[in-house]
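**Q** Just need the structure, nothing else, for what follows:
(2 chains)
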Amino acid sequence: MVGVRQFAARAQAASTRGRTGPRWVRLLLYGTLIGGALVMTLPFLYMLSTSINPNRWTMPDPPTLWPANPTFDNYVRAWGEAGFQQYVINSLIVSGVTLVLTFWVATTSAYAFARLRFPAKDKIFTFYLVTMMIPGMIALLPEFQVMHDFGLVNSWLGLWVIYVSGSVAFNTFLLRGFFEQLPRDLEDATLIDGGGRWTVFFRVLLPLSKPALATLGVFTFLGSWDDFWWARMLLQNNDIRTLPIGIQLFFNAHGTQWSTVFAATTIAVVPELILFILLQRYFVSGMYAGSIRG
Amino acid sequence: MRTISIGSRPPAVVALGRRDRARHVRDLRTALPFMLPGFALVLVFVIYPLLRGLQMSLYHWNLMVPAQSQFVGPDNFVRALTQDPVFWTAVRNTVLYAIITVPAQMALGLGAALLLNAAIRGRAFFRALFYLPVVTSWLVVSYVFAYLFSDGPGPVNNLLVNTLHILPAPIDWVHDSLASAEVPINLLGIWKGIGWNMVIFLAALQSIPGELVEAASVDGAGAWHRFRRITLPLLRPAVIFVSIMLLIGAFNVFISVYLLTGGGPEGSTEVWLSYMWNQAFSYLDFGYGTAIGLLMGVAVITIGFLQRRALRGSVEY
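**A** Predicted structure coming up:
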């Protein structure tokens, strides 16, 4: 984490350094970049163009990126499809509550490991680091059994428990690093003024941690918005199912109606894109926190 | 008990010990509300399931009535390792996926990072475009690739048959054969991961002091030489981090296979996790499925450990 600030300074230096070569080098450079960007976005362009294709039963032959007579009918049809609006609302609720619960558990836990004293603290932290090395998916089936044991199958509570508990170790690790970087003076002053640990936590630490919390929030929201396997296993009633399951059911029902399917997937992607565009720098800073540890 | 221990120690030590203990209790009382929610969740929903999994893997497991499960000892593991050719097909496909997608993602991600590091204009714009597949859900991009590689007049078939004339006739990519089905699965894995690699490598590149590269340039080192001798060695920590993360990620390949091929034709494209899933939910053999999952855990942790050892050593500058 120490490296992040250094990195920012160096990045600044690098961008003002202005390494411009001869003209043909720059042309080649930008040509390659544009070509690469095209390949990276082409699948999305196909998705969008298919979603506005008026012909729902046949694929355009030859495939085209701009269909004749584009229409939004497919969106209207997908949106009006039985259950679709319910799935969107369910996903928003599930992801929203996951966000709140994750914030609560992750920030308190990270604060304890960054600032408080308690027995076996270092051992427990090492233990968290070890659990981070175990791929979550290998315990998919036993976790399903445990959910059965606790009667959490077919409920959102089951999803929340899984999402929050699965991210405790990593979030504690991430936020602890951030908290430890913050100057202690303000906290000490608050404590001397008679404020308790909770005052410090809510009034001093959290307000100073907005960038880290934004990063955490972005990844948490996307994680639960996108989750397929847990939602697939745990949610069996249609009225509580989330959007990814809805899209799969939708695809199974209308498999070859690509225009309607892609209208539905586009609707599902919109919140992700909005988050990404608004909070791009937090996506990036989150990655650095994981990658560059000084 | 207490009187005995007090009597057997010098008074000063006792007083200190008692004050210590009182402080410990106070510390704990302050810390518990903060650390306990997370700790309890980890114990109950991360560690306990792993132990439950160890137990399940030794049974012919009955999901609905666990008490009626039949103990079979190590049979599930023996079956996977010695008697089940499809398990080894799944392992082979997973390893192949890692061998293909990990280096490809790293090379293309590093290439994109080098280009962006050199480009002054539009860096943020290009970075956002390259990163777009990373933030999009696996479910959606799997369906998009199913469309791109669809039978008949799909975009890829159209490109290869009508535009480039490489193929004589359209291919039903996901159903034809193992080889043709692996194409969309691996391309999807590479395409979706490039942006992540690019961001990490770009951060690492920008943290290399410019003076180093400039000094080499002044000394007459060419572009390739500067890259090979200065940039690449300094990227070592990033390369280690990325390769470890990607390898774990590659072993977790699942949703694309599940949605694109479903493991078919005839189990030939099955990967480790899809096979685990199918054992549980197609054949209701939860004990065997759990054993397959645990075997993957052992494989991933072992490989991660070996990788860390092989790549150990840091760079100072």
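
**Q** what about the helix or strand where A:Gly217 lies, near chain B?
**A** For A:Gly217, the host element (DSSP states H and E) is helix A:210-226. Yes: applying CB under 8 Å from any CB of the partner chain, one finds helix A:210-226 touching chain B at A:222, A:225-226. C-beta: built from backbone N, CA, C; applies to glycine.

**Q** continuing past that helix, what's the next helix or strand?
**A** Immediately after helix A:210-226, counting by DSSP H and E, sits helix A:229-234.

**Q** low-confidence ranges in chain B?
**A** Low-confidence segments of chain B (pLDDT under 70): B:1-16, B:312-317.

**Q** the strands in it, which residues?
**A** Counting by DSSP state E, chain B has strands at residues B:59-60, B:70-71.

**Q** of all the ones you listed, which gets the most neighbours per residue?
**A** Mean neighbour count (mean count of other CB atoms under 10 Å in any protein chain shown) peaks for strand B:59-60 among these, with a mean of 18.

**Q** can you give me how far that one is from the chain middle?
**A** 29 Å (CA atoms, centre = their mean, to the nearest Å).

**Q** Relative to it, what are the paired strands and their orientations?
**A** With DSSP bridges as the test, strand B:59-60 is paired with strand B:70-71 (antiparallel).

**Q** what does the partner strand contact?
**A** Residues outside strand B:70-71 that contact it (CB atoms under 8 Å, 6 or more residues apart in numbering or on different chains) are B:58-60, B:62.

**Q** which of these lies closest to A:Leu92?
**A** B:Asn62 (37.0 Å; CB to CB).

**Q** what sits against the closest one?
**A** Contact analysis of B:Asn62 by CB under 8 Å, 6+ apart lists B:68-70, B:286.

**Q** and if we set it to 7 Å?
**A** By CB atoms under 7 Å, 6 or more residues apart in numbering or on different chains, B:Asn62 lies in contact with B:68-69.

**Q** Quick check: closest non-adjacent residue to the most centrally placed residue in chain B.
**A** Taking CA atoms, centre = their mean, the centroid of chain B lies closest to B:Gly249, which sits 1.7 Å from it. Among residues not flanking B:Gly249 along the chain, B:Gly193 sits closest, at 7.3 Å (CB to CB, 6 or more residues apart in numbering or on different chains).

**Q** burial measure for the one you found, as a count.
**A** 24 (other CB atoms under 10 Å in any protein chain shown).

**Q** What of the one 10 residues further on?
**A** For B:Ala203, the count of nearby residues is 21 (other CB under 10 Å).

**Q** Give me the packing partners of the longest helix seen in chain A, helices and strands only.
**A** Ranked by residue count, the top helix of chain A under DSSP state H comes out as helix A:84-115. Contact partners of helix A:84-115 among helices and strands, from 3 or more CB pairs under 7 Å, 6 or more residues apart in numbering or on different chains; DSSP states H and E: helix A:156-181, helix A:210-226, helix A:243-254, helix B:11-42.

**Q** how about that helix: buried residues?
**A** By 16 or more other CB atoms under 10 Å in any protein chain shown, the buried positions in helix A:84-115 come out as A:84, A:86-88, A:90-91, A:94-95, A:97-99, A:101-103, A:105-115.

**Q** Could you list the low-confidence segments of the stretch 151-294 of chain A?
**A** A:283-294.

**Q** Of all the helices and strands packed on helix A:84-115, which one is nearest B:Ile166?
**A** helix A:243-254 (29.5 Å).

**Q** chain center to the closest one: distance?
**A** Centre-to-centre, helix A:243-254 and its host chain are 21 Å apart (CA atoms, centre = their mean).

**Q** on contacts alone, who are the packing partners of the following helix or strand past it?
**A** Once the chain leaves helix A:243-254, the next helix or strand it forms, by DSSP H and E, is helix A:258-278. Using 3+ CB pairs under 7 Å, 6+ apart, the elements in contact with helix A:258-278 are helix A:23-51, helix A:73-80, helix A:210-226, helix A:243-254, helix B:138-148.

**Q** Could you name the helices and strands sitting against the fourth one?
**A** What that stands for is helix A:243-254. helix A:84-115, helix A:229-234, helix A:258-278, helix B:138-148.

**Q** again, but for the second one
**A** Helices and strands in packing contact with helix A:73-80 are listed as helix A:258-278; criterion 3+ CB pairs under 7 Å, 6+ apart.

**Q** now the angle between helix B:138-148 and the helix it packs on, please.
**A** 130 degrees (axes from the mean of the first three to the mean of the last three CA atoms, to 10 degrees).

**Q** CA atoms only for helix A:258-278, dumped as CSV, please.
**A** Output in CSV follows, covering the C-alpha atoms of helix A:258-278 (Å, rounded to 0.1, in the frame of the first residue of the first chain):
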residue,chain,number,x,y,z
TRP,A,258,-31.2,-13.5,-29.9
SER,A,259,-32.7,-10.1,-30.3
THR,A,260,-34.9,-10.5,-27.2
VAL,A,261,-32.2,-12.3,-25.2
PHE,A,262,-29.7,-9.5,-25.9
ALA,A,263,-32.2,-6.8,-25.0
ALA,A,264,-32.5,-8.5,-21.6
THR,A,265,-28.7,-8.9,-21.2
THR,A,266,-28.3,-5.3,-22.1
ILE,A,267,-30.7,-4.2,-19.4
ALA,A,268,-28.7,-6.4,-17.0
VAL,A,269,-25.4,-4.8,-18.0
VAL,A,270,-26.6,-1.2,-17.7
PRO,A,271,-26.2,-0.9,-13.9
GLU,A,272,-22.7,-2.3,-14.2
LEU,A,273,-21.8,0.2,-16.9
ILE,A,274,-23.2,3.1,-14.9
LEU,A,275,-21.2,2.1,-11.9
PHE,A,276,-18.1,1.6,-14.0
ILE,A,277,-18.3,5.0,-15.7
LEU,A,278,-19.1,6.9,-12.5
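
**Q** Buried residues in that helix, which are they?
**A** Neighbour count says helix A:258-278 has A:258-269, A:271-272, A:275-276 buried, by 16+ other CB under 10 Å.

**Q** do the same with stretch B:75-92
**A** Result for stretch B:75-92 [16+ other CB under 10 Å]: buried residues B:75-77, B:79-80, B:84, B:86-87, B:89-91.

**Q** Which of the residues you listed sits closest to chain A?
**A** In terms of CB to the nearest CB, no member of the buried residues of stretch B:75-92 lies closer to chain A than B:Asn76, at 11.7 Å.

**Q** my read: that closest one touches B:Phe286, true?
**A** No: assessed by CB atoms under 7 Å, B:Asn76 is found out of contact with B:Phe286, at 10.0 Å.

**Q** that older thread, nearest approach to B:Arg123 belongs to which of the helices and strands packed on helix A:243-254?
**A** Ranking those by proximity to B:Arg123 (CB to CB) places helix A:258-278 first, at 16.1 Å.

**Q** circling back to that earlier point, tell me which of the residues of helix A:210-226 next to chain B is nearest to chain B?
**A** Among those, and counting by CB to the nearest CB, the member closest to chain B is A:Asp226, at 3.8 Å.

**Q** these two touch, right, that closest one and B:Ser137?
**A** Yes: using CB under 7 Å, A:Asp226 is in contact with B:Ser137, at 3.8 Å.

**Q** Can you pull the residues that touch both of the two?
**A** Common neighbours of A:Asp226 and B:Ser137 (CB under 7 Å, 6+ apart) are A:Pro244.
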